[in-house]
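> Pasting the sequence and the predicted coordinates here, then a few questions.
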Amino acid sequence: MLTSQQIRQKFLDHFAQRGHAIVPSAPMVIKDDPTLMFTNAGMNQFKDLFLGNRPAQHKRIADTQKCLRVSGKHNDLEEVGIDTYHHTMFEMLGNWSFGDYFKSEAIQWAWELLVDEYRINTADLYVTYFGGDEKDGLPADDETRELWKRYLPEERILPFSRKDNFWEMGDTGPCGPCTEIHVDVRTAEEKVQKPGRDLVNNDHPQVIEIWNNVFMQFERKADGSLVSLPAQHVDTGMGFERLCMVLQGKRSNYDTDVFQPLIQELANRCSKEYGKEAKADIAMRVIADHLRAISFAIADGQLPSNTGAGYVIRRILRRAVRYGYSFLGFNEPFMHELVPVLVAQMGEQFPELKKQQAIVTNVMLEEEKAFLRTLEQGTKRMDQALSESKGTLPGIKAFELFDTYGFPIDLTQLIAREQRREVDMAGFETELQKQKERSRAATAVTTGDWVELAKGETQFIGYDELSTEARILRYRKVSGKGGDQFQLVLDRSPFYAEGGGQVGDQGWFIQGADQVEVVDTKRENQLIVHFTKELPKDVTKPLIAQVNTQRRGLTARNHTATHLLHHALRKHLGTHVEQKGSLVAPDRLRFDISHFAKVTPEELATIEREVNAMITDDIVFEDRRNVPIAEAKAMGAMALFGEKYGDNVRVVKFGPSVELCGGTHVPRTGTIGPFRIVSESALAAGIRRIEAITSVEAERMINEKLAKLEAIEDLLKRPADVVAAVQKLAEQNASLTKELEKAARERVKRYASSIPAKAMANSKGVKVLVELLELDAQGLKDLGFALREQHPDLALVAGSVIDGKPLLAVSLGKEALAAMGIKAVDIIKQISPAIKGGGGGQPDFATAGGKEPGGMAEALKKAAELLG
């Protein structure tokens, strides 16, 4: 029986022998496509090739691609673990042709691999093809049917509709008819009972699609129409996990050696046998699957967070932890302990997993701890919500637990059932739908089709020029909540598109006396896209593309400073330091690094001095472009995590600092000016964030601090040693504060001994006193505590005005509270409006602060009436 590693390698070897370049997987986290957060199909990294935005370096390519499907069109999350074949993270084996071979070769080579190499029984194979679509005016794909008749009898070649056999990446984009290969892995007895052809595309767990061959011929436009692509392409994808199930003779993907090492490790840790208990089995499958998704996402640089892609990863992790918590008895973090098993399985094929193992483990551990705390707090809130509700728990309460406190709805249902209670799921779904609609409304964007004015690609000249004459190649309109915008692509552009942590350029498009502001520049599928609020007056005529030079210059200073900072960090903290994220803007820079301890103030000072020394040395920028990647690495150039590099790269060198970088930089380090670190903090477990400023912002900060120092010296009459003078002043202040606190305590004692004698009994026999005192908030609290302990039959309402701020306090002794029939918090709520304030507290003690000291007399009068 072939192992999963052998199955993967046979696929790659098969296509290498047929002239395909074998390329590494792209990162699972997508950075330059606004329509996707994660790679959800093998073709994502080649999208720009299908669109013709750049030429293909290799006409034939094959790879195994890390994919993640949890949201949007391909949302498999809730099915994962329940059935035997859905996954969040999965591998997609694929082969591509960019304007080279087409249907005949794709079908032939697929057959040769499955039958000749993998030895799949041909009697178990079925294929489907596109049966045509009247709405799109597309005929049936008879060419594909005829090609398959070379290999299979016609009864195993099945036509299906556009839904199943016309592949589209989304509402717009490349698309085309496809042919799917299905395999029937049922037992011989089951096959006799019902023919496999009747189960194809019917969600049968043992009659499954394993390979889809898409013939890219069209592009779907925003209006729904289809136009032919510049060239015909082949895009295939074969689910690796499903293929392993077939070739290893299993009935479930989770029974293969892809998942079993993780599942068996889990079973051992929770002392349960896999295959014996349905709920425990589901939990183990969920955890094994989710662990892969989380680990690869973190290894690719996506940390869990509360927004965007980070929220998706956090949600997956919490789902796994919750299953372990609810069904496997894990009350302590456990998932991070499974990472070594995963690395042993997949680290060879995906070296980034092995390299980032420590980061993955530590981030996962901290996330687990945080969510287990959330579960504990949520359980308490759940109990409170159930105690406050009669019968069914209202849907709005269940949604509050889910939305505000991160408490999973299925866990809410589980706890409710244990207490023989129900949850109003209809009400919960209503609130959830409202939230989704609010989210959709906030992010809704309508993107028009590109209006193409000319063919061609953008030549980026922004490393050498900041202004150029250019022509518009294409433009489109985008409408969203913020209004309309236009996106333009030029034949030449000096504008740097956001990337590598650096913000996009701003500037202007100039035609004679007319000027259109460029508000941002981004990269989309290798296109440099310029964002404007309006179109140039005549889109067919040349224009001057002018970058905002001041903003670019400040940004370049910060980007070069980031490289110097990276070098200094590795020099003084250790070579384990790696960049984990960055932001380079005109006014600041932010740098995230792998480091397992807080960077001390002394270390930060040393690093800052090192960077400033490199700036003072005025090191000349060495810009080396189109360097072969192997040569660049031999030079010691550091690559960024989660980035995919081509065969040729750009090497940016400032003395000892050597990095692969596509950003903009200063010609000499002396241009940067002063460099100052402004903060250091924890971003996640093992990840530290350093924020710094340079140039104008650093000078401004220095000048502000000098001005403050001048003001302090003036206030202190310019002492010889200002630090010593301030220290002396602080000591004197501390001494005076202690004396004041002592005096306040003495005042409380005096009041505590004198007040009871002033109290008068009311009609209920309670001793009552309403008095204006000279005490601050703490003094009122201390007095109330003393009186309640010493005089349980005393009711006191005290007012005070300190520095123009009115304060009220109500204190009821135990006997007074019982006799009065009114709580201290109720009294405070009735009297505090007189001082334009509000407050709260407990039945025996409550306080309030206000804004109107003139209302104190009225408040105390009202109190006397309530206590009389």
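Sure thing, it's come through.

> what's the burial count for residue 143?
14 (other CB atoms under 10 Å). For glycine as for every other residue, the C-beta is placed from the backbone atoms N, C-alpha and C.

> no no, residue 398
Neighbours around residue 398, by other CB under 10 Å: 27.

> quick one: what helix or strand has it in it?
Using DSSP states H and E, residue 398 sits within helix 395-405.

> List the buried residues of that helix.
By neighbour count on 16 or more other CB atoms under 10 Å, the buried set for helix 395-405 is 395, 397, 398, 399, 400, 401, 402.

> who's in contact with the last one?
For residue 402, the residues meeting the contact criterion (CB atoms under 8 Å, 6 or more residues apart in numbering) are 408, 409, 412, 428, 432.

> What is the nearest of these to residue 761?
Among these, residue 412 lies closest to residue 761 (CB to CB), at 52.4 Å.

> Adjacent strands (with direction) for the helix or strand harbouring residue 235?
Using DSSP H and E, residue 235 sits in strand 226-239. Here strand 226-239 is paired, per DSSP bridges, with strand 89-98 (antiparallel), strand 207-220 (antiparallel).

> Would you tell me what the next helix or strand after the first one is?
So that's strand 89-98. Scanning forward in sequence from strand 89-98 by DSSP H and E, the next helix or strand is helix 103-111.

> In the contacts of residue 402, which has the lowest confidence score?
The weakest per-residue confidence within these falls on residue 408 (77).

> Strands of the stretch 651-800 of the chain, residue ranges please.
Taking DSSP state E, counting those that start in this stretch, the strands of the stretch 651-800 of the chain run over residues 657-660, 675-684, 687-694, 760-761, 767-772, 794-802.

> what helices or strands is the fourth one leaning on?
In this structure, strand 760-761 packs against strand 767-772, with contacts taken as 3 or more CB pairs under 8 Å, 6 or more residues apart in numbering; DSSP states H and E.

> Could you check the angle the strand it packs on makes with strand 794-802?
On the basis of axes from the mean of the first three to the mean of the last three CA atoms, to 10 degrees, strand 767-772 is oriented at 0 degrees to strand 794-802.

> other SSEs contacting strand 767-772?
Using 3+ CB pairs under 8 Å, 6+ apart, strand 767-772 is in contact with helix 722-758, strand 760-761, strand 794-802, helix 856-867.

> what pairs with that strand, and is each one parallel or antiparallel?
Here, using DSSP bridges, strand 767-772 pairs with strand 760-761 (antiparallel), strand 794-802 (parallel).

> now what about the first one, what contacts it?
It stands for strand 760-761. Residues from elsewhere that reach strand 760-761 (CB under 8 Å, 6+ apart): 767, 768, 769.

> give me that answer again for 7 Å
767, 768 (CB atoms under 7 Å, 6 or more residues apart in numbering).

> how far does stretch 856-867 sit from the chain's center?
Relative to the centre of its chain, stretch 856-867 is centred 55 Å away, using CA atoms, centre = their mean, to the nearest Å.

> now stretch 1-9, how far from the chain's geometric center?
33 Å.

> List the buried residues of that stretch.
Result for stretch 1-9 [16+ other CB under 10 Å]: buried residues 2, 4, 7, 8.

> ok, now stretch 596-605?
599, 603, 604.

> Give me the distance between residue 595 and residue 716.
Remark: distance between residue 595 and residue 716 (CB to CB, to the nearest Å) = 40 Å.

> who has more neighbours, these two?
Counted by other CB under 10 Å, residue 595 and residue 716 do not tie: residue 595 has more neighbours, with 21 against 13.

> Can you list phi and psi of the residue nearest to residue 274 when sequence neighbours are not counted for me?
Of all residues not flanking residue 274 in the chain, residue 267 sits nearest, at 4.7 Å (CB to CB, 6 or more residues apart in numbering). Here is the backbone geometry of residue 267 (degrees, to the nearest 10): phi -60, psi -40.

> Just list the residues touching residue 267, thanks.
By CB under 7 Å, 6+ apart, the contact set of residue 267 is 273, 274, 284.

> out of those residues, which one sits closest to residue 257?
residue 274 (13.9 Å).

> Give me the pLDDT value at the residue nearest to residue 226 when sequence neighbours are not counted.
Leaving aside its sequence neighbours, residue 226 sits nearest to residue 218 (CB to CB, 6+ apart; 4.3 Å). Reported pLDDT at residue 218 in the predicted model: 89.

> re earlier: quick check: which of the strands paired with strand 767-772 is buried the most?
strand 794-802 (a mean of 23; mean count of other CB atoms under 10 Å).

> which residues touch stretch 22-37?
12, 16, 38-39, 44-45, 47, 61-66, 68, 170, 296-297, 300-302, 308-309, 312, 350, 499, 523-525, 642, 644.

> Using PDB, write down the CA coordinates of that stretch.
Listed next in PDB are the C-alpha coordinates belonging to stretch 22-37 (Å, rounded to 0.1, in the frame of the first residue of the first chain):
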ATOM      1  CA  ILE A  22       7.200  21.500 -10.300                       C
ATOM      2  CA  VAL A  23       6.600  24.700  -8.200                       C
ATOM      3  CA  PRO A  24       6.200  25.000  -4.400                       C
ATOM      4  CA  SER A  25       2.800  25.700  -2.800                       C
ATOM      5  CA  ALA A  26       1.900  29.400  -2.500                       C
ATOM      6  CA  PRO A  27       1.200  30.600   1.000                       C
ATOM      7  CA  MET A  28      -2.300  29.700   2.300                       C
ATOM      8  CA  VAL A  29      -2.800  33.300   3.400                       C
ATOM      9  CA  ILE A  30      -3.400  35.600   0.400                       C
ATOM     10  CA  LYS A  31      -1.900  39.100   0.300                       C
ATOM     11  CA  ASP A  32      -2.600  40.700  -3.100                       C
ATOM     12  CA  ASP A  33      -6.100  39.700  -4.000                       C
ATOM     13  CA  PRO A  34      -8.900  41.700  -2.300                       C
ATOM     14  CA  THR A  35     -11.500  39.100  -3.300                       C
ATOM     15  CA  LEU A  36      -9.900  36.300  -1.200                       C
ATOM     16  CA  MET A  37      -8.500  35.900   2.400                       C
END
